[in-house]
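Chemist: Sequence first, predicted model second:
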Amino acid sequence: MPFADHVQKNIDAFLSAIAPVEDAYQNDSFSYLSLKGDDAFVLIQATLYLNSQPPKMPEGKFETTRIRAGHFYFRNGKCNAREVIEALGRGTLPTPHGDLQFPTGANDSFGANFYPFHEIGQNQRRLAMLSVLGAESSKWVHANQPHLDWEARAADTPFEGLSEVLSEFQPGVLGGVNRVDIAALDLAGIDARSIIEGETATLSIRAPNQALAKRTSVGFRVLDQGRVVRRGRLHSDALEWRSEDGICIGTAKLDVPRAGVVHAYALYDGIVYHHYFFGDPKSFQNPRRAAYETFDPQLGIMNDIFSKARTLKPDSKDFEAAIPWLFWMLGFAPAYIGGPPRMREAMDFLASTPNGHIAVVECTTGLLKDDSKLQRLHDRTEAVRRNLDSSSTRDVRVLPVIVTAKTVSEIKPDIEQAEKLGVYVIDRDGIERLLQQTMFPQDANQLYERAEQAVAQAIAKYEDDRSDY
């Protein structure tokens with residue numbers, strides 16, 4: 001069936017956004033979860049990855065009586081977004097694993113949302129995404145639990161329930177509505193091996209292949225003591241290119257101040273897809289980081305803690321201890337509170353800015369709603385506010401902050417509650433971004449104010465929604 005006008009408008013906006021670079025997406029792949037309906041498998045959640053290079057995730061399929069999930073490659077050497085969208089509009093998507101139904105939602109219609117800068121890509125990567133929406137998924141998912149989990153365990157290749165199937169094939173996060181996401185992945189990126197040694201910066205950019213390398217360029221800012229002292233842009237012919245594991249690496253040398261920092265931008269056809277800070281691992285202009293690295297060279301211990309926090313059995317206490325270290329390097333004054341047994345009912349730590357404003361911080365290696373963390377953080381923040389009011393210090397502002405080792409895609413179902421409660425969320429990618437910022441001195445007052453602005457914008461969004469009724 002044809003899409004409604006407002007739905008088609010979002011679809012056209014996405015297709016127009018990728019049209020200038022559509023020829024670069026020639027290695028698309030599709031990950032999906034489907035569940036058995038009355039007479040066919042129904043597509044519950046899927047992602048079409050528009051890839052410029054061969055996917056790293058292997059092809060595979062898992063099938064039981066009521067579950068079919070998998071990941072397969074398109075081998076037609078072209079962008080497949082238009083064909084997939086058209087098939088979804090007809091209600092059936094043909095795949096190498098069999099046809100998958102995609103039923104309509106309310107009013108016998110489909111929906112679509114276009115995100116030109118999706119939140120998943122906010123960790124310094126540009127990600128454009130279109131989400132095509134169908135029927136509510138509860139009749140296939142919730143109505144059949146826990147039967148689906150036990151069925152997955154009984155398979156010849158067993159999985160520990162539907163959640164592990166989702167983790168294996170990565171079709172996206174279940175959201176209550178049958179959904180197919182079409183993600184236009186980045187076409188260029190700054191190589192993480194970019195480095196400064198002394199007064200020479202080695203800047204490297206990655207391009208999927210030689211053809212794309214010719215349309216790739218890199219912009220840069222050089223910072224000294226947090227101040228920009230040089231800006232520029234290097235086009236493809238100014239870079240030295242080599243092939244490495246099927247990827248083209250372009251490299252250039254820059255003169256920089258000792259202990260300086262480079263902020264680099266990877267462009268394809270004039271569009272920035274990735275930006276990245278790097279410096280000299282042996283020399284930093286941030287005295288707090290330099291002092292901290294006396295006892296933790298190159299953040300080895302801290303990075304190990306954050307890495308382990310992503311495992312199935314993370315050490316939450318180590319994670320809670322490491323986040324205050326990070327806040328201190330960013331210019332805050334943290335006070336770790338949650339350690340002693342008698343303080344276990346308190347927040348994990350408080351952090352104050354040079355201006356005296358306070359962040360009430362909770363850390364978790366899991367989801368935001370686990371153990372009612374969001375509501376408890378909100379209540380503790382209100383308690384701090386009441387104490388400040390009674391102490392005649394009403395001018396001190398208080399902000400609730402939750403830091404999680406999970407990615408934004410993993411915590412997506414919890415984001416709405418956090419936003420409505422006025423909680424600022426720092427996810428796994430946000431931690432990485434803050435770590436990079438410790439290379440040079442940070443203004444904790446500005447970081448705090450930006451967090452407050454983000455919270456205010458989120459709250460206003462829901463107030464706007466209520467005003468529509």
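Modeler: Here it is on my side, so go on.

Chemist: Counting neighbours, what do you get for Pro334?
Modeler: A count of nearby residues for Pro334, using other CB atoms under 10 Å, gives 19. Where C-beta positions appear, they are placed from N, C-alpha and C, glycine not excepted.

Chemist: make that Ser167, sorry
Modeler: 11.

Chemist: next SSE after the helix or strand containing it?
Modeler: Ser167 belongs to helix 162-169 when assigned by DSSP states H and E. Using DSSP H and E, the helix or strand that follows helix 162-169 in sequence is strand 177-184.

Chemist: Pairing partners for the helix or strand just after that following strand, with directions?
Modeler: Once strand 177-184 ends, the next helix or strand along the chain (criterion: DSSP H and E) is strand 189-190. Strand pairing for strand 189-190, using DSSP bridges, gives strand 200-207 (antiparallel).

Chemist: Please compute how far the strand it pairs with lies from its chain's middle.
Modeler: 24 Å (CA atoms, centre = their mean, to the nearest Å).

Chemist: Tell me the buried residues in that strand?
Modeler: For strand 200-207, burial by neighbour count (16 or more other CB atoms under 10 Å) applies to 201-207.

Chemist: Mind putting the residues you listed into JSON lines with distance to His357 and pLDDT?
Modeler: JSON lines is the format used below for the buried residues of strand 200-207 (distance: CB to CB, whole Å; pLDDT from 0 to 100):
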{"residue": "Ala201", "distance to His357": "36", "pLDDT": "95"}
{"residue": "Thr202", "distance to His357": "40", "pLDDT": "96"}
{"residue": "Leu203", "distance to His357": "37", "pLDDT": "96"}
{"residue": "Ser204", "distance to His357": "39", "pLDDT": "95"}
{"residue": "Ile205", "distance to His357": "39", "pLDDT": "96"}
{"residue": "Arg206", "distance to His357": "40", "pLDDT": "92"}
{"residue": "Ala207", "distance to His357": "44", "pLDDT": "91"}
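
Chemist: from the residues you listed, which single one is nearest Thr47?
Modeler: Arg206 (22.2 Å; CB to CB).

Chemist: For Ala183, see how far away that closest one is.
Modeler: Relative to Ala183, Arg206 is positioned 18 Å away (CB to CB, to the nearest Å).

Chemist: next one: Leu88
Modeler: 15 Å.

Chemist: One more: Phe277?
Modeler: Distance from Phe277 to Ala183, by CB to CB: 25 Å.

Chemist: try Val425
Modeler: Taken as CB to CB, the span from Val425 to Ala183 is 21 Å.

Chemist: which residues touch the nearest residue to Arg258 once chain neighbours are set aside?
Modeler: Closest residue to Arg258 apart from its sequence neighbours, by CB to CB, 6 or more residues apart in numbering: Glu199 at 5.4 Å. Residues near Glu199 by CB atoms under 8 Å, 6 or more residues apart in numbering: 255-258, 260.

Chemist: per-residue confidence at Glu199?
Modeler: Among the per-residue scores, Glu199 holds a pLDDT of 93.

Chemist: ditto for Val425
Modeler: 94.

Chemist: Any idea what it is bridged to?
Modeler: Ile402.

Chemist: isn't it right up against Thr364?
Modeler: No. Val425 lies out of contact with Thr364 (CB atoms under 8 Å); the separation is 10.6 Å.

Chemist: Between the contacts of Glu199, which sits nearest Ser138?
Modeler: Closest to Ser138, out of all of these and judged by CB to CB, is Gly260, at 54.4 Å.

Chemist: How about that closest one, nearest residue that isn't a chain neighbour?
Modeler: Gly260's closest residue in space is Asp224 (CB to CB, 6+ apart), at 5.1 Å.

Chemist: what residue ranges in the stretch 351-469 of the chain are flagged as low confidence?
Modeler: Residue ranges of the stretch 351-469 of the chain with pLDDT under 70: 461-469.

Chemist: swap that for the chain, please
Modeler: Residues of the chain that meet the cut-off, pLDDT under 70, sit at 1, 119-123, 312, 338-346, 461-469.

Chemist: try it again with 50
Modeler: 121, 342, 464-469 (pLDDT under 50).

Chemist: mind checking the longest helix of it?
Modeler: For the chain, the longest helix by residue count, based on DSSP state H, is helix 444-467.

Chemist: can you give me the offset of it from its chain's centre?
Modeler: Using CA atoms, centre = their mean, the offset of helix 444-467 from its chain centre is 19 Å.

Chemist: what's it packed up against?
Modeler: strand 398-404, helix 412-420, strand 424-426 (3 or more CB pairs under 8 Å, 6 or more residues apart in numbering; DSSP states H and E).

Chemist: out of the ones you listed, deepest packed?
Modeler: Per residue and on average, the most neighbours among the helices and strands packed on helix 444-467 fall to strand 398-404, with a mean of 23 (mean count of other CB atoms under 10 Å).

Chemist: Let me see the residues that make contact with that one.
Modeler: Residues contacting strand 398-404 (CB under 8 Å, 6+ apart): 323, 351, 357-368, 373-374, 377-378, 380-381, 384-385, 388, 411, 418, 421-428, 430-431, 448, 451-452, 455.
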